[in-house]
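Visitor: sequence and predicted structure, then a few things I'm wondering about:
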Amino acid sequence: MKKFITVLLAAMMAVTLMTGCNKTPEPQPDPQPVKYDVNLGVLKGPTGIGASYLLEKNSTGESLNNYNVSIAAEATEMVSRIASGSLDMAAVPTNVASSLYNKTDGGVKIIALNTAGVLYILEKGNYIKSVSDLYGQTIYAVGQGSNPEYILNYILESNGLKVGQDVFVEFMDSAFLSSNAASGNVGVCMLPVPAATTVLVKNSEMRSALNLSEEWDKLNNGSTLTMGCIVVRTEFYENNKEAVEQFLKEYEESINYVKGNVQDAAALCEKYEIVASAAIAAKAIPDANLIFVSGKNIRTTIEGYYQVLFEADPKSIGGKLPGDDFYPAE
């Protein structure tokens, strides 16, 4: 009897062991990504529009990183704060990114392109049909020392108009110029969206005469007009690559959301003071030429543009073309 019981117990143990071996392990939840703290600078206007959905996700705690967001009206604030280290990433004009790279001896990298051409020549009247029609005109413009100035100069001179002789350009603060154009005190001006959109909404006598993206393409210089980007401090990039990857993932998502959900995104633009009102933002978003380019595609997209600016005026990009370490390796 004892022998029988011993054999029975042994058999039961064997069955138990076999059952345990064949048991499917319980699925384990995916590990949650680490949330990194990132000091992010966002510009009002076209280069900031694409970030509006990311800002909303950040405010509700749904973003992959924790973003300490600074919103500014002028790129100069972003430049000084990136250079000082108080910002880790920032949206800036593309020529400013190159200048900052040169100024800091490689202290920044470009990690995304976010905005193509957004500049328009507005006219009070119906005279200007081509660039040549700007002969003898005074153009009131924004963006001195940045992309708008160099793009305008290049287009004018490529069409045979010498600035200061055949055509005159006077630079103003964006808010001041927009206000004067909307009030009808300016005949011809150059503004980006959404400032241009605001003027057209407020003053029915003003019209969009020239799209400078189209005028750039007509010159067939082999480059793509690319005006806005994201830069990151090189030190931060090298020490926080996962944080950068998570930012790029949700930044692309944000841009795609804005392009596909114009009305909702417009409300977010107003909420975060990127654009003055949701009504203006809704009209501006389709003309803002939002893009998302990252990785090695950045260089192939923008290098021709930098080359054109450099040949026209080396100081426009900081005196020299940025080096290989300015661009992502992959």
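Guide: Looks like it came in fine. Since this is a predicted model, take the numbers as computed values, not measurements.

Visitor: and Ala209, what does it touch?
Guide: By CB atoms under 8 Å, 6 or more residues apart in numbering, the contact set of Ala209 is 120-123, 128-129, 188. Using the backbone N, CA and C atoms, a C-beta is placed for each residue, glycine as well.

Visitor: just want the most central residue of the protein.
Guide: Taking CA atoms, centre = their mean, the centroid of the chain lies closest to Asn114, which sits 3.2 Å from it.

Visitor: now it, what are its backbone angles?
Guide: phi -120, psi -20 (degrees, to the nearest 10).

Visitor: quick check, it in contact with Val92.
Guide: No. Counting by CB atoms under 8 Å, Asn114 stays clear of Val92, with 10.0 Å between them.

Visitor: what's the spacing between Met89 and Glu245?
Guide: Note on Met89: its distance to Glu245, by CB to CB, to the nearest Å, is 12 Å.

Visitor: cool, Ser99 as well?
Guide: From Ser99 across to Glu245, the span is 26 Å (CB to CB).

Visitor: okay, those two: which has more neighbours?
Guide: A direct count of neighbours by other CB atoms under 10 Å for Ser99 and Glu245 places Ser99 higher, at 21 against 13.

Visitor: coming back round to it: overlap of the contact sets of Asn114 and Val92?
Guide: Counting by CB under 8 Å, 6+ apart, the contacts common to Asn114 and Val92 are 47, 228-230.

Visitor: could you identify which of those has the most neighbours?
Guide: Of all the shared contacts of Asn114 and Val92, the most densely surrounded is Gly228 (31 neighbours; neighbours counted as other CB under 10 Å).

Visitor: element containing the closest residue to that residue other than its chain neighbours, please.
Guide: Of all residues beyond its chain neighbours, the one nearest Gly228 is Thr115 (3.0 Å), with distances taken as CB to CB, 6 or more residues apart in numbering. Per DSSP states H and E, Thr115 falls inside strand 108-116.

Visitor: ok, that strand: who's next to it in the sheet?
Guide: Strand 108-116 has its sheet partners listed here by DSSP bridges as strand 226-233 (antiparallel), strand 290-293 (antiparallel).

Visitor: settle this for me: Met190 is touching Gly117, isn't it.
Guide: No. At 12.0 Å, Met190 does not count as touching Gly117 under the criterion of CB under 8 Å.

Visitor: mutual contacts of these two, please.
Guide: Residues touching both Met190 and Gly117 (CB under 8 Å, 6+ apart): Leu212.

Visitor: returning to what we had before: what residues does the residue nearest to the centre of the chain make contact with?
Guide: Asn114 neighbours (CB under 8 Å, 6+ apart): 47, 50, 91, 228-230, 251, 255, 290-292.

Visitor: and with 6 Å instead?
Guide: Counting by CB atoms under 6 Å, 6 or more residues apart in numbering, Asn114 touches 50, 228.

Visitor: looking at strand pairing, list the partners for Leu290.
Guide: Under DSSP bridges, the beta-bridge partners of Leu290 are Thr115.

Visitor: burial check on it, number of neighbours?
Guide: Leu290: 22 surrounding residues under other CB under 10 Å.

Visitor: go ahead and confirm Ala75 touches Ala97.
Guide: No. Ala75 is beyond contact range of Ala97, at 9.6 Å (criterion: CB atoms under 6 Å).

Visitor: more neighbours: which of these two?
Guide: Ranked by neighbour count (other CB under 10 Å), Ala75 and Ala97 place Ala97 first, with 31 against 25.
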